[in-house]
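Chemist: need a 3D model of the sequence below.
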Amino acid sequence: MEKIDVLIWRRDGIDVPTIRRALTDDVGPRLLENETARITELVVHTADTNEAIPKPTLLMGRGADLAAVITVWLDSIDDRTIVLDSIAEATLTRPGDGLDAYLVTESVPQRRTDRDWADGMISPGITHFTCFPQPTRLSDEDFYRGWHDIHTPASFRLHPLRWEYVRDSVVRALTPVDRPLGAIVFERFRTIEDYTDPARLYGGPETLDETMQHLPLYADFEDLDSRPLHEFILR
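Modeler: Residues are numbered from 1 along each chain as shown. Next up, the predicted model:
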């Protein structure tokens, strides 16, 4: 199986709640019923979080321009066209123009094990989404050592109440993109308060210092894009 991450950027004339309904109520269910697409998992993340989190402290870079992120597991990457075309039609985007798709390898250093809600329902809590390119100054070996081997263990100290950590390493872009990404990350928090209350979101002050010291080992601060998202597991 292969995983695709699809980033949808905001477009004039369509709002995020409209995109959410199109993806969760129409396109997603239709794709799951389409035997040609051969989708095994489909999750929709939407940026309609303004009411729940009116002033997110971790809104960074292009995060404010993000409308949705769709993650899709396929039997074969060869079946991606019907998926990308359906998403593009529903969100008034085109590959390379509002829709960026990436083939990724998924790693889950921290997995939630107590899911008790049905497919299609909004998940409890919030997802903190982050993406960033691999700095050109870093070799692949140095990039993954800094991100996986050094930052990942420290992130458990940084976010002691984090519920799940999904870490996607980008293999290649599947659409034209202005700035190719190297990393796509989904961090789940069980409650909104775990995310919005700094005392709950972070460990001690030393954990923030540690994170900033490690950051140049895998990313540049000005290239970090992040924001909160709602999650809908459709399958």
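
Chemist: pLDDT at D178, what is it?
Modeler: On the pLDDT scale, D178 is placed at 89.

Chemist: counting neighbours, what do you get for it?
Modeler: The local packing of D178 (other C-beta atoms under 10 Å) involves 6 other residues. C-beta: built from backbone N, CA, C; applies to glycine.

Chemist: next: A52.
Modeler: 13.

Chemist: what does the model give it for pLDDT?
Modeler: The predicted local confidence for A52 comes out at a pLDDT of 94.

Chemist: in space, what's closest to it - neighbours in sequence excluded?
Modeler: In space, A52 comes closest to I192 once its chain neighbours are excluded; the distance is 5.7 Å by C-beta to C-beta, 6 or more residues apart in numbering.

Chemist: and stretch 85-97, C-alpha only, in CSV?
Modeler: Output for stretch 85-97, consisting of C-alpha atoms alone and laid out as CSV, is shown next (Å, rounded to 0.1, in the frame of the first residue of the first chain):
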residue,chain,number,x,y,z
ASP,A,85,-9.3,14.7,-9.9
SER,A,86,-12.3,14.2,-7.5
ILE,A,87,-10.7,16.2,-4.8
ALA,A,88,-9.7,19.0,-7.2
GLU,A,89,-13.3,19.2,-8.6
ALA,A,90,-14.8,19.4,-5.1
THR,A,91,-12.4,22.1,-3.9
LEU,A,92,-12.2,24.2,-7.1
THR,A,93,-8.5,23.6,-7.3
ARG,A,94,-6.2,22.0,-9.8
PRO,A,95,-3.0,19.9,-9.3
GLY,A,96,-0.3,22.5,-9.0
ASP,A,97,-2.8,25.4,-8.5
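
Chemist: mind listing what the residue nearest to A52 touches?
Modeler: For I192, the set of contacting residues under the criterion of C-beta atoms under 8 Å, 6 or more residues apart in numbering consists of 52-53, 125-126.
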